[in-house]
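1. here is a sequence with its predicted model. Questions after.
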Amino acid sequence: MTLRFDFNHKPLRFERPVRIIQTSDIAHVIDKLAEIERATEQGFYAAGYLSYEAASAFQPYYQTPPQGDMPLLWFGIYDAVSQMNATDEATPPPVSLEQWQPQTSVSQYQKAIERIKSEIAAGNTYQANYTIRLEADSHHGSAQSSYDFYRYLLSVQQANYAAYLDTGRFKILSASPELFFHWHQGILTAKPMKGTAERGTDSANDLMRKARLLASEKNQAENVMIVDLLRNDLSQVAKPGSVRVTELFNAEQYPTIWQLTSTITAETRAQTTVTDIFRALFPCGSITGAPKASTMKLIAELEPQAREVYCGAIGYITPGKEALFNVPIRSVIIDSQKKRARYGVGGGITWDSTAEDEYQEVLDKAAILRRVNLPTRLLESLLLQDGAYHLADLHLNRLSASARYFNFAFDRNQTVNQLKLFAQKKPEQSWKVRLLLSKNGETTLESEAITPLTQPLAASWANEPVNSDNRLLYHKTTLRDLYPKVTIDHERLMYNQRNEITEFVNGNAVLLIDGQWLTPALTCGLLAGTERQALLTAGKIAEAVLSREALNRAEKIGFINSVRGWREVVWVGEK
């Protein structure tokens with residue numbers, strides 16, 4: 001029974017528990033939690049989880065869906081914890097579960113939203129966190145298989161409060177980005193998460209979506225409601241006047257979504273225990289809504305399935321009375337006995353919510369269940385000619401934007417110095433210089449000599465369309481599987497799912513139509529080439545959405561990139 005915590009990207013491993021403390025009886029939850037605290041006072045570590053349905057143990061008037069198969073409380077007691085190196089394990093190849101099936105139909109979802117809004121109108125709730133379950137057959141019931149799947153989720157979600165728990169029958173793979181609470185040296189910190197926006201494809205579009213999230217009155221209202229709820233919860237264990245909102249409306253970046261968070265702190269009263277904190281805070285208001293009691297009653301009526309560890313709490317307690325727990329959202333629960341996997345997902349419903357928008361948010365949050373390809377290296381190809389780089393600033397601007405987008409470390413000044421030193425070693429001839437940037441900010445330079453190409457470039461259509469929603473099209477990376485194979489003498493012109501021309505495999509396309517050179521718009525799904533950008537800025541070409549049919553109207557076709565410049569294209573095959 002191995003437990004791994006990747007809280008704040010500092011991996012800890014708990015192995016070989018000296019004993020297990022668990023219960024499926026609501027009447028024993030408080031006693032078991034007290035037993036866990038006694039163990040930590042004796043010098044042991046405790047690590048495990050509380051299910052959402054344990055809530056009524058702390059407040060009898062809290063109502064929850066019927067209890068499921070998982071224990072309400074499960075903790076291992078350990079005499080030691082081992083620290084892990086965050087990079088000591090290679091990211092495994094993507095693994096996936098079979099087709100996920102929502103257990104709630106679209107019509108059921110719409111009816112639930114209507115019911116919540118009627119309760120808001122009646123004054124019984126201001127915001128309700130309504131969730132649904134997705135289920136799938138699972139072939140990842142073994143410890144190794146489930147652990148590999150967790151490592152994949154961890155690599156693609158890059159969550160701050162991820163954890164893997166093997167409790168025997170149940171394997172919990174939590175890629176949660178949300179802190180429930182951190183209690184250390186008398187300071188209690190909570191960081192509720194409310195407000196979501198899907199990531200954009202290119203860097204500019206991505207930052208626009210972030211700005212919209214930060215300016216969204218609906219998302220701000222959701223966030224403030226939960227902040228106020230948690231301020232009240234923290235005050236139950238806080239010294240008078242010590243509750244503070246230290247950060248309001250911070251947009252956190254994750255591979256598939258932007259999340260709006262706020263931070264609340266309090267100084268706890270003397271003699272406060274972990275049980276006291278759970279009694280005051282559990283379950284977290286961000287996954288119930290406000291007011292908590294009446295909203296939980298509504299949730300219990302609308303959600304037929306138990307949430308179990310989803311929306312409960314996963315964490316650990318140290319002998320030094322440090323307690324750190326997440327809110328287990330973005331979490332897969334694998335039942336190795338039934339060979340089924342379950343994933344809960346939901347969102348805060350307010351008066352301004354629409355069923356369509358909320359269902360889309362559910363889909364956005366479930367995106368981590370799809371195979372997500374994230375680059376391990378970013379790439380720029382520069383022309384070094386007689387000791388000088390062509391369009392170096394544009395290349396570095398693009399690299400910097402992609403590094404921000406994919407959360408790569410990047411030191412521009414250091415890279416500029418590397419390029420200068422490299423150029424000093426090659427003061428003559430023409431060279432193609434490949435600049436590779438790793439996730440940790442390490443840059444490497446490679447080069448190959450190039451000679452002028454005087455012959456026109458043959459080109460034909462790619463065999464299959466690309467999906468303009470694929471963000472890898474907008475960034476230059478070492479992931480090239482989505483591009484067809486080409487040679488230096490024969491290129492392929494790509495097109496998207498709407499039959500719009502996008503780009504050549506190794507360069508941008510330009511078409512001379514009615515006396516004007518036109519290049520496909522970025523929204524069609526293509527890389528913003530540096531040569532393309534320079535020609536647009538100079539007014540020599542213009543952007544346009546070009547259908548495949550436009551090729552028949554083109555007087556000339558050009559291929560452009562910053563290393564090879566502008567090449568005439570001769571079309572071969574059908575247009």
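-> Yep, it's here.
2. list phi and psi for the spatially closest residue to residue 504 that is not a sequence neighbour.
-> Nearest-residue entry for residue 504: residue 491, 4.7 Å, with adjacent residues in sequence omitted and distances by Cβ to Cβ, 6 or more residues apart in numbering. To be clear about C-beta, it is placed using only N, CA and C from the backbone, and glycine gets the same treatment. With angles defined as degrees, to the nearest 10, residue 491 shows backbone torsions of phi -100, psi 160.
3. what about residue 491, neighbour count?
-> Here the number of neighbours of residue 491 (other Cβ atoms under 10 Å) works out to 23.
4. run through the bridge partners of it.
-> Beta bridges link residue 491 to residue 459, judged by DSSP bridges.
5. that one and residue 525, how far apart?
-> Between residue 491 and residue 525 the computed distance is 17 Å (Cβ to Cβ, to the nearest Å).
6. cool, and residue 542?
-> Going from residue 542 to residue 525 by Cβ to Cβ gives 19 Å.
7. neighbour count winner among the two?
-> Set side by side, residue 542 and residue 525 show more neighbours around residue 525, with 27 against 13, by other Cβ under 10 Å.
8. which non-adjacent residue is nearest that one?
-> On the basis of Cβ to Cβ, 6+ apart, the spatially nearest residue to residue 525 that is not a chain neighbour turns out to be residue 468, at 3.1 Å.
9. ok, the closest residue to residue 84 other than its chain neighbours - contacts?
-> The shortest distance from residue 84 to any residue other than its chain neighbours is 3.7 Å, reached at residue 11 (Cβ to Cβ, 6+ apart). Applying Cβ atoms under 8 Å, 6 or more residues apart in numbering to residue 11 gives the contacts 4-5, 83-86.
10. now, which of these lie within helices?
-> In helices, judged by DSSP state H, none of those are found.
11. please, a PyMOL command that selects the buried ones among those residues?
-> Command for PyMOL, covering only those of the contacts of residue 11 found buried under the criterion 16 or more other Cβ atoms under 10 Å:
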select buried, resi 4+5
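12. between the contacts of residue 11, which sits nearest residue 401?
-> Distance from residue 401 was checked for each of the contacts of residue 11 by Cβ to Cβ. The minimum falls on residue 86, at 25.5 Å.
13. quick check, pLDDT for the residue nearest to residue 504.
-> What the model reports as pLDDT for residue 491 is 97.
14. got it, and residue 145?
-> At residue 145 the predicted local distance difference test score is 85.
15. confirm that it sits in a strand.
-> No - with the criterion set as DSSP: H, G, I helix; E, B strand; the rest coil, the secondary structure at residue 145 is helix rather than a strand.
16. hmm, it is touching residue 166, no?
-> No - with contact defined as Cβ atoms under 8 Å, residue 145 does not count as touching residue 166 (11.1 Å).
17. of those two, which one has the most company?
-> Neighbours of residue 145 and residue 166, each counted by other Cβ under 10 Å, are more numerous for residue 166; the result is 23 against 16.
18. residue contacts, the more buried one?
-> By Cβ under 8 Å, 6+ apart, the residues touching residue 166 are 1-3, 143, 146-147.
19. again with residue 13
-> Taking Cβ under 8 Å, 6+ apart as the criterion, residue 13 is in contact with 2-5, 81-84.
20. now with 7 Å, please.
-> Applying Cβ atoms under 7 Å, 6 or more residues apart in numbering to residue 13 gives the contacts 2, 4, 82, 84.
21. the first one - how many residues pack around it?
-> The tally of other residues near residue 2 (other Cβ under 10 Å) stands at 15.
22. wait, it touches residue 17, no?
-> No - Residue 2 is beyond contact range of residue 17, at 9.8 Å (criterion: Cβ atoms under 7 Å).
23. what average pLDDT does the strand or helix carrying residue 171 get?
-> For residue 171, the host element (DSSP states H and E) is strand 170-176. pLDDT averaged over strand 170-176 equals 96, rounded to a whole number.
24. kindly report the same for stretch 84-104.
-> Mean pLDDT, stretch 84-104: 62.
25. buried ones in stretch 543-551?
-> Taking 16+ other Cβ under 10 Å as the basis for neighbour counts, the residues of stretch 543-551 that come out buried are 546, 548, 550-551.
26. go on, stretch 26-45?
-> Of the residues in stretch 26-45, those with enough neighbours to count as buried (16+ other Cβ under 10 Å) are 26, 29-30, 32-33, 35-37, 39-40, 44-45.
27. any residues touching stretch 221-233, and which ones?
-> 126-127, 190, 192, 194-195, 243, 245, 249, 260, 262, 264, 280-281, 285-286, 290, 292, 348, 350.
28. point out where this structure drops to low pLDDT.
-> Applying pLDDT under 70 to the chain picks out residues 86-98, 140-143, 370-372.
29. all helices for it, in order.
-> When secondary structure is read from DSSP H, the chain shows helices at 29-41, 55-58, 106-121, 143-157, 203-215, 217-235, 274-281, 292-302, 355-365, 392-406, 412-424, 530-537, 550-553.
30. C-alpha coordinates for the fourth one, CSV please?
-> Presented in CSV, the C-alpha positions along helix 143-157 are these (Å, rounded to 0.1, in the frame of the first residue of the first chain):
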residue,chain,number,x,y,z
ALA,A,143,-0.8,-1.2,-8.4
GLN,A,144,1.8,-0.7,-11.2
SER,A,145,-0.7,0.0,-13.9
SER,A,146,-2.7,2.5,-11.8
TYR,A,147,0.5,4.2,-10.7
ASP,A,148,1.7,4.5,-14.3
PHE,A,149,-1.7,6.1,-15.1
TYR,A,150,-1.3,8.5,-12.2
ARG,A,151,2.2,9.5,-13.4
TYR,A,152,0.7,10.3,-16.8
LEU,A,153,-2.1,12.4,-15.2
LEU,A,154,0.5,14.2,-13.1
SER,A,155,2.6,15.0,-16.2
VAL,A,156,-0.3,16.4,-18.2
GLN,A,157,-2.2,18.2,-15.5
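31. OK, contacts around residue 329?
-> For residue 329, the contacting residues are 176, 178, 287, 311, by Cβ under 7 Å, 6+ apart.
32. let's go with 10 Å and repeat that
-> With contacts defined as Cβ atoms under 10 Å, 6 or more residues apart in numbering, the neighbours of residue 329 are 129, 131, 159, 161, 174-178, 193, 259, 284, 286-287, 310-311, 344-346, 365.
33. measure residue 481 to residue 267 for me?
-> Using Cβ to Cβ, residue 481 is found at 53 Å from residue 267.
34. the more surrounded of those two?
-> Summary of the neighbour comparison: residue 481 and residue 267, criterion other Cβ under 10 Å, with residue 267 having more neighbours (18 against 6).
35. for that one, which non-adjacent residue is spatially closest?
-> If the residues on either side of it in the chain are set aside, residue 267 comes closest to residue 242, at 3.9 Å by Cβ to Cβ, 6+ apart.
36. surely the one you found and residue 272 touch.
-> No - counting by Cβ atoms under 10 Å, residue 242 does not reach residue 272; the two are 12.0 Å apart.
37. between the two, what contacts are shared?
-> Common contact partners of residue 242 and residue 272 (Cβ under 10 Å, 6+ apart): 186, 188.
38. and those two? Which one has more around it.
-> A count of neighbours by other Cβ under 10 Å puts residue 272 above the other of residue 242 and residue 272, at 19 against 16.
39. I appreciate the help and will end here.
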